[in-house]
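[1] Just a sequence and a predicted model for now, questions to come.
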Amino acid sequence: MTNFLAYDDVTDLNALIQEGLNAKQNPFADQSLGHNKTIGLIFFNSSLRTRMSTQKAAQNLGMNVIMMNVGQDSWGLEMEEGTVMNGDKAEHVKEAAAVVGKYCDIVAVRAFAGLQDREQDYREVVLNQFRKYAGVPLINLESATRHPLQSLADCITIEEFKVRKRPKIVLTWLPHFKPLPQAVANSFSEWMNHMDAEFVIANPEGYDLAPEFVGNARVMHNQNEAFEGADFIYGKNWSSYQQYGQVLTQDPSWMVTMDKMRLTDNGKFMHCLPVRRNMKVTDEVLDSPQSIVIEQAANREWSAQAVLKGVLQGL
Ligand SMILES: CCC[C@H](NC(=O)CCC(=O)O)C(=O)O
Ligand SMILES: NC(=O)OP(=O)(O)O
């Protein structure tokens, strides 16, 4: 594996899931693989799970880790080519990415969607500038349109908890008062299109994801109908793709409650976290045995370790 930016960088999903489960069973089996190798974790946005799980996974493999928060620790970075840099950005990504690539054997970047310009976000400008100029393998820690380390952890979790070969999995939109990226929902949908599952996306009118991410999913605008007989409910908010970056509704009836979970077939509730309790999902659901959000978050370590092992083996 060279880069890990999207599902397309995965050659064998089942093998990668198994790698994650193997790492979970035996976290230090490959602790010499990353000896004297360094990964640079570059964050343009906040993080708890991605930051800690990726550092932990790198350390399990014997790697050194350098963490950098762009704008707080380092200089603000200009992304556009040919710009006259007389504004608030002191450094161009051309130099910054190339220099980080000299210090690190692998670079990993988190840069959320700006949610202002759909074409720019869906061109993945930041991720592609780092890919272009870092000169070393690149890992996506959540970009404008995807979050593949989260999606691999989600697949590992579903494999662990599924009770039937082809589970019904529902990605449901949840209400939020501020516009959030489509990245987690896009990525989950992209990966679920490659899992053996009945995959349904439930969202209000006006919130359909980009067609290239919906794929073969069944899109439903009636949440209760979608929940019928589901094995997994994956909750996530996202802003509108069609009316880009807009909050078209905050309809609280889309919050996941125990009454809705009773429509499922003893369904498990999943969420990538952070989650806003009693706005997106009730305490009752999150504190019930049907919630597997902590186990899901724990699997981020094994997702990162499986990917880092693959990238290290390609160095
Ligand atoms: C892993 C999820 C990261 C991010 N989540 C948020 O930005 C939540 C922010 C909030 O609820 O205020 C998102 O939705 O993409
Ligand atoms: N799910 C996830 O990526 O969490 P953080 O934003 O805390 O890293």
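    Ah, there it is. Ligands and ions are numbered 1, 2, ... in the order given.
[2] Helices of the stretch 201-315 of the chain, start to end?
    With DSSP state H, counting those that start in this stretch as the criterion, the stretch 201-315 of the chain has helices at 211-214, 223-227, 258-261, 283-286, 293-313.
[3] I'd like to know which of those helices lies nearest to ligand 2.
    Closest approach to ligand 2 among those (C-beta to the nearest ligand atom): helix 293-313, 6.9 Å. From N, CA and C alone the C-beta is placed, and that goes for glycine too.
[4] so, in contact with ligand 1 or not, the closest one?
    No - applying C-beta under 6 Å from any ligand atom, one finds that helix 293-313 is not in contact with ligand 1, the shortest distance being 9.9 Å.
[5] is that helix anywhere near ligand 2?
    No - Helix 293-313 does not reach ligand 2 (C-beta under 6 Å from any ligand atom); its nearest approach is 6.9 Å.
[6] which helices and strands sit right next to that helix?
    Judged by 3 or more C-beta pairs under 8 Å, 6 or more residues apart in numbering; DSSP states H and E, the packing partners of helix 293-313 are helix 13-25, helix 49-60, strand 106-110, strand 138-140, helix 148-161, strand 268-270.
[7] mind redoing it with 6 Å?
    Identification of packing neighbours for helix 293-313 by 3 or more C-beta pairs under 6 Å, 6 or more residues apart in numbering; DSSP states H and E yields helix 13-25, helix 49-60, helix 148-161.
[8] Which single residue of the stretch 201-315 of the chain ends up nearest ligand 1?
    Nearest residue of the stretch 201-315 of the chain to ligand 1, counting by C-beta to the nearest ligand atom: Cys272, 4.6 Å away.
[9] What residues does the stretch 51-200 of the chain have near ligand 2?
    Counting by C-beta under 6 Å from any ligand atom, the residues of the stretch 51-200 of the chain lying close to ligand 2 are 51, 142, 150.
[10] and the gap between the first one and Leu127?
    This points to Arg51. Distance from Arg51 to Leu127, counting by C-beta to C-beta, to the nearest Å: 18 Å.
[11] List the contacts of the residue lying closest to Met220 once chain neighbours are set aside.
    In space, Met220 comes closest to Ala226 once its chain neighbours are excluded; the distance is 4.4 Å by C-beta to C-beta, 6 or more residues apart in numbering. Contact partners of Ala226, counting by C-beta atoms under 6 Å, 6 or more residues apart in numbering, are 170, 200, 202, 220.
[12] swap the cut-off to 7 Å and go again
    Residues touching Ala226, when contacts are defined by C-beta atoms under 7 Å, 6 or more residues apart in numbering, comprise 170, 172, 200, 202, 220.
[13] and the residue of the chain most remote from its centre, helix, strand or coil?
    Counting by C-alpha atoms, centre = their mean, the extreme residue of the chain relative to its mean C-alpha position is Asn86, 34.2 Å from that point. Under the three-state scheme (DSSP: H, G, I helix; E, B strand; the rest coil), Asn86 adopts coil.
[14] Look at it and report its pLDDT.
    Asn86 carries a pLDDT score of 97 in this model.
[15] do you know how far it is from Lys94?
    For Asn86, the distance to Lys94 - C-beta to C-beta - is 17 Å.
[16] Residue ranges of each domain in this structure, please.
    Domain segmentation of the chain under the TED database yields 3-147+300-313, 150-297.
[17] next one: phi and psi at the closest residue to ligand 2 within the stretch 201-315 of the chain?
    In the stretch 201-315 of the chain, no residue comes nearer to ligand 2 than Cys272, which is 3.8 Å away by C-beta to the nearest ligand atom. Backbone geometry at Cys272, expressed as degrees, to the nearest 10, gives phi -70, psi -20.
[18] Can you verify my assumption that it contacts Val184?
    Yes - counting by C-beta atoms under 7 Å, a contact exists between Cys272 and Val184, whose distance comes to 5.2 Å.
[19] Quick check on those two: which one has the bigger neighbour count.
    Higher neighbour count among Cys272 and Val184: Cys272, with 25 against 22, using other C-beta atoms under 10 Å.
[20] Could you report the separation of that one from Val163?
    The gap separating Cys272 from Val163 is 22 Å, by C-beta to C-beta.
[21] and if you look at Leu5?
    33 Å.
[22] Those two: which has the busier surroundings?
    Leu5 (20 against 9).
[23] helix/strand/coil for Gln116?
    Classification of Gln116 by three-state DSSP places it in coil.
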